[in-house]
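> Sequence and predicted model, in that order:
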Amino acid sequence: MKIRLATQADIPGIMQIIGEVVPLMIASGNFQWDDTYPNATVFENDIVAGELWVVEVDGTIAGLSAITTEQYPEYADVGLDVNETAIVTHRLAVSTRFRGLGVAALLMQQAELVARTREIKTLRVDTNSANKATGALFPKIGYRFVGEMKLYFRPGLSFYCYEKRLDGK
């Protein structure tokens, strides 16, 4: 497995993964994503910002995530200080063909590497409360559950928020 920053040439492979995972998410009751989000423009913007990472397996994109400092204001609703700079993982997805290989964990390790490189001591991530896979993954890799919140731009959905501190606090 190889992890690297995504390029515009990766958009078709990224959208193929989104096309694989969204129907499965919806079928399992996880309505976090749909046929309008995330879309190619969102990923193109992540690439321009230098924040989209992909994992390749034998030259095929196996997974992706945006590693940003973008925090939703609603994080404050679960007691997090949104004025504190944090590395935040968004749009984490793994191809159905590469599940169980540790692709998501590798992407989360990359978020930690980015945080350490930038001397940022806090990592955060949120996921739809119906997403059982990430709900199991995040605590396993050292994230602590901090609360349940609503996001204004995804009405009717509930999200779990997690945090990992690199400073021992």
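Received the coordinates, thanks.

> hmm, who's touching the lowest-mean-pLDDT helix or strand in the chain?
One helix or strand of the chain scores below all others by mean pLDDT, DSSP states H and E: helix 132-140, with a mean of 91. With CB atoms under 8 Å, 6 or more residues apart in numbering as the test, helix 132-140 has contacts from Ser28, Leu92, Ala104, Ala105, Met108, Val125, Thr127, Ser129, Phe145, Tyr160, Tyr162. (C-beta placed from N, C-alpha, C; glycine too.)

> taking those one by one, which sit in strands?
When these are checked against strands (DSSP state E), the matches are Leu92, Val125, Thr127, Phe145, Tyr160, Tyr162.

> how close does the fifth one sit to Leu24?
This means Tyr160. According to CB to CB, to the nearest Å, Tyr160 and Leu24 sit 19 Å apart.

> more neighbours, those two?
Tyr160 (20 against 10; other CB atoms under 10 Å).

> give me the beta-bridge partners of the more buried one?
Note on Tyr160: beta-bridge partners Thr127, Glu148, judged by DSSP bridges.

> biggest separation within the ones in strands among the contacts of helix 132-140, which pair?
Between all members of those, the longest pairwise span (CB to CB) is found for Leu92 and Phe145 and amounts to 16.5 Å.

> Which one of the two is surrounded by more residues?
When Leu92 is set against Phe145 and neighbours are counted by other CB under 10 Å, the residue ahead is Leu92, at 23 against 13.

> Many thanks, we can stop here.
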